[in-house]
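**Q** what's the 3D shape of this:
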Amino acid sequence: MLADKAYDADRIRGLIQRQGATPNIPPKSNRRRKPCFSKRLYRERNLIERFFSKLKHFRSIATRYDKLAANFLAMIQLASMRLWLRAYESTT
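**A** Residues are numbered from 1 along each chain as shown. Now for the predicted structure:
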C-alpha cells in the first residue's frame, strides 16, 4: 500500500497490516522510530497519480456523464487505450 506522509500513523499502519498488505509510507520528520520505507517503490506512486490526472482530462470521465457503472468503466477503458496509444505512438 503506497501512501504519502499524511497517512503516517501507527493506527493506519496497523490497519493496513491487519488487512494483509504492507504499508510503504514515508515517515514524518518528527517520528522517533522510523519504520521501513522503500524509496524505489514509492516512486511508482507518482506514475499512478499522473495517470489519474490524465484520465481526468477526458470530460465524460471527470463529470461522470454515464450513470451506469458498465458504461463508465467502458469510457475509462477507452480513455486508457487512447492514452496508451498516444504514449507509444510518439516513441516509434
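**Q** how far out from the middle of the chain is the longest helix along the chain?
**A** Ordering each helix of the chain by length in residues (DSSP state H) puts helix 69-89 first. Distance of helix 69-89 from the chain centroid (Cα atoms, centre = their mean, to the nearest Å) equals 17 Å.
**Q** Averaged pLDDT, that helix. What do you get?
**A** Mean pLDDT, computed over helix 69-89, is 89.
**Q** For it, enumerate the helices and strands it packs against.
**A** Applying 3 or more Cβ pairs under 8 Å, 6 or more residues apart in numbering; DSSP states H and E, we find helix 69-89 packed against helix 39-55, helix 59-62. For the C-beta atoms, the positions are set from N, CA and C on the backbone; glycine is no exception.
**Q** deepest of those, which one?
**A** Scoring these by mean neighbour count under mean count of other Cβ atoms under 10 Å gives helix 59-62 as the most buried, with a mean of 12.
**Q** same question for it, mean pLDDT?
**A** Here helix 59-62 scores 84 as its mean pLDDT.
**Q** In terms of secondary structure, what does it contact?
**A** helix 69-89.
**Q** how many other residues sit next to residue 33?
**A** 6 (other Cβ atoms under 10 Å).
**Q** State the mean pLDDT of stretch 18-38.
**A** Average pLDDT, stretch 18-38: 88.
**Q** Name the residues of that stretch that are buried.
**A** Buried residues in stretch 18-38, counted by 16 or more other Cβ atoms under 10 Å: 23, 24, 25, 26.
**Q** Now that stretch - C-alpha only, CSV.
**A** What follows is stretch 18-38 as a C-alpha-only set of coordinates in CSV (Å, rounded to 0.1, in the frame of the first residue of the first chain):
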residue,chain,number,x,y,z
ARG,A,18,-4.2,-6.4,9.5
GLN,A,19,-5.7,-6.4,6.1
GLY,A,20,-2.7,-8.3,4.7
ALA,A,21,-0.9,-5.6,2.9
THR,A,22,2.5,-4.0,3.6
PRO,A,23,2.5,-0.2,4.1
ASN,A,24,5.1,1.8,2.3
ILE,A,25,4.6,5.3,3.7
PRO,A,26,7.4,7.8,4.2
PRO,A,27,7.9,8.6,7.9
LYS,A,28,7.2,12.1,9.2
SER,A,29,10.3,14.0,10.3
ASN,A,30,9.1,14.2,13.9
ARG,A,31,8.8,10.4,14.3
ARG,A,32,11.1,8.9,16.8
ARG,A,33,11.2,5.3,15.5
LYS,A,34,11.4,5.3,11.7
PRO,A,35,9.6,2.3,10.1
CYS,A,36,10.9,0.6,6.9
PHE,A,37,10.4,2.6,3.7
SER,A,38,11.4,1.9,0.1
